[in-house]
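A.B. asks: Take this sequence and fold it.
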Amino acid sequence: MTLSPLQNEIIDLLRRKNAILLVHYYQRAEVQEIADFLGDSLALCLEASKTQAEVIVFAGVHFMAESAAILCPDKTVLIPRPDAGCPLADTITPEALQKAKADHPAATVVTYINSTAEIKSLSDICCTSANARHIVESIPMEKEILMVPDGNLARYTARFTERPIIPWGGSCPVHQALTPNEVRTRKNAYPDALFIAHPECRPEVLDMADFVGSTAAMLRYVQQSDRPAFIVGTEVGILVRMQKDNPGKLLVPAADHLVCETMKYTTLEDIHAALLNMKPVVAIAEEKRLAALASLKRMLSLSEPK
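C.D. replies: Okay, here's the model as predicted:
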C-alpha cells in the first residue's frame, strides 16, 4: 500500500512526539490505514490503558477520547475533532440517570461505554457490546440491573441471562435505522450470503441474523467462516478492515445509509493539525475522572485476558 505525503508526515509526527494513533473501525479508510492500533471500543480502551506513548491521538468520537483520558491521566489525549459526538451518548443526561437511580435505589448501573464521562462517573460498571453479557453475568443474581443508554443492547443481553434488566430508552440512530424490510431485500438479492448484525440493531433485525456480535466479533466470524458472502449489519466503515482481511469474499452493507456522520468527521488534516499544535486536549475534572475511572476499571478487570 502506497501512503500519501500527508499520511507519511503524520506517521513521522507520531514518532517524533512519542504519540500513538488509536482508530475505531468506523473511521475513514485513509485514517484507518495509518492507525497504530485499530479496534473496537473495548480493544481501544485496553490499548489506551497499557500504552507507553506520552501522547494518545484518538480518531473516533468524543466519548472514546474521554475514556482514554480517564484511564491515562499522565498522558496527553488529543481529540482532533472535539465536535465528533455520539448521538447514542446524548440519549441520557446525568439528571435523568440520577432520577432512575433514585427510582431503583438497589439497582446496579451498567453503562455502555458509548456514554459521557459524567454518566460513567454515576455508574457502577461499564460494558461494551463485546463484553456486555459477561459483565451482566458477573453481577449477583439477586441484583436488579439498570442498563444504559442503549436499549437494544440491553434487550439483547437480557436474552441470555435470567438477571432482571431494566433497559434505557436510547439507541444508536445508525443501527436503529436498519429495518427488517431492508435486510429482507438484501437477503433476496444475495440468497447465499449470511447476515451478521451488531447488537445495537433493533430486536426484529437481530432475529433475522445468522450471527450477532461486536465489530471485533463480526470481523473474527467472517474471517473464520468458509462462507463466501456476507450482509453486514453495522456502520459501513467496518468493511474497510473486513475486506482487507477477506479479499476473496463478497461483503455487502445491509443498507447503504449505515453511515455514522460524526465518525467520519476526523480527516487526515485534522490529525495532522492536532499533532502540530498539540490540541485539542481532552480535559476532565479530577473528581469526575476518578468516579468514572472506578466503573471503567471494574469492566477492564473482567475483560483482561487471563
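
A.B. asks: close enough to count as contact, C45 and S295?
C.D. replies: No: contact between C45 and S295 fails when scored by C-beta atoms under 8 Å: they sit 11.8 Å apart. C-beta coordinates here come from the backbone N, C-alpha and C atoms, glycine included.

A.B. asks: Roughly how far does S49 sit from T179?
C.D. replies: Noted for S49: a distance of 38 Å to T179, by C-beta to C-beta, to the nearest Å.

A.B. asks: what do you get for R163?
C.D. replies: R163 sits 30 Å away from T179 when distances are taken as C-beta to C-beta.

A.B. asks: neighbour count winner among these two?
C.D. replies: Using other C-beta atoms under 10 Å, the more surrounded residue of R163 and T179 is R163, with 19 against 15.

A.B. asks: In which helix or strand does that one reside?
C.D. replies: Per DSSP states H and E, R163 falls between elements, in no helix or strand.

A.B. asks: In contact with it, which residues?
C.D. replies: Taking C-beta atoms under 8 Å, 6 or more residues apart in numbering as the definition of contact, the neighbours of R163 are V136, E137, I139, M141, K143, I145.

A.B. asks: Just confirm the last one contacts A107, I think it does.
C.D. replies: Yes: taking contacts as C-beta under 8 Å, I145 lies within contact range of A107: 6.3 Å.

A.B. asks: Compare neighbour counts for the two and give me the winner.
C.D. replies: Of the pair I145 and A107, I145 is the one with more neighbours under other C-beta under 10 Å, namely 23 against 19.

A.B. asks: The residue lying closest to A59 once chain neighbours are set aside: which element?
C.D. replies: Counting by C-beta to C-beta, 6 or more residues apart in numbering, the nearest residue to A59 once its immediate chain neighbours are dropped is V23, at 4.4 Å. Element membership for V23 (DSSP H and E) is strand 19-24.

A.B. asks: For that strand, the averaged confidence score.
C.D. replies: The average pLDDT for strand 19-24 rounds to 98.

A.B. asks: Alpha carbons of that strand, in CSV - could you do that?
C.D. replies: As requested, the backbone C-alpha atoms of strand 19-24 are provided in CSV (Å, rounded to 0.1, in the frame of the first residue of the first chain):
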residue,chain,number,x,y,z
ALA,A,19,2.4,9.5,20.2
ILE,A,20,0.1,6.7,19.3
LEU,A,21,-2.9,6.9,16.9
LEU,A,22,-5.8,4.9,18.1
VAL,A,23,-8.5,4.4,15.4
HIS,A,24,-12.0,3.0,15.5
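
A.B. asks: ranges for the helices of the stretch 51-200 of the chain?
C.D. replies: According to DSSP state H, counting those that start in this stretch, the stretch 51-200 of the chain carries its helices in the segments 62-71, 94-103, 117-121, 132-137, 151-158, 173-176, 180-189.
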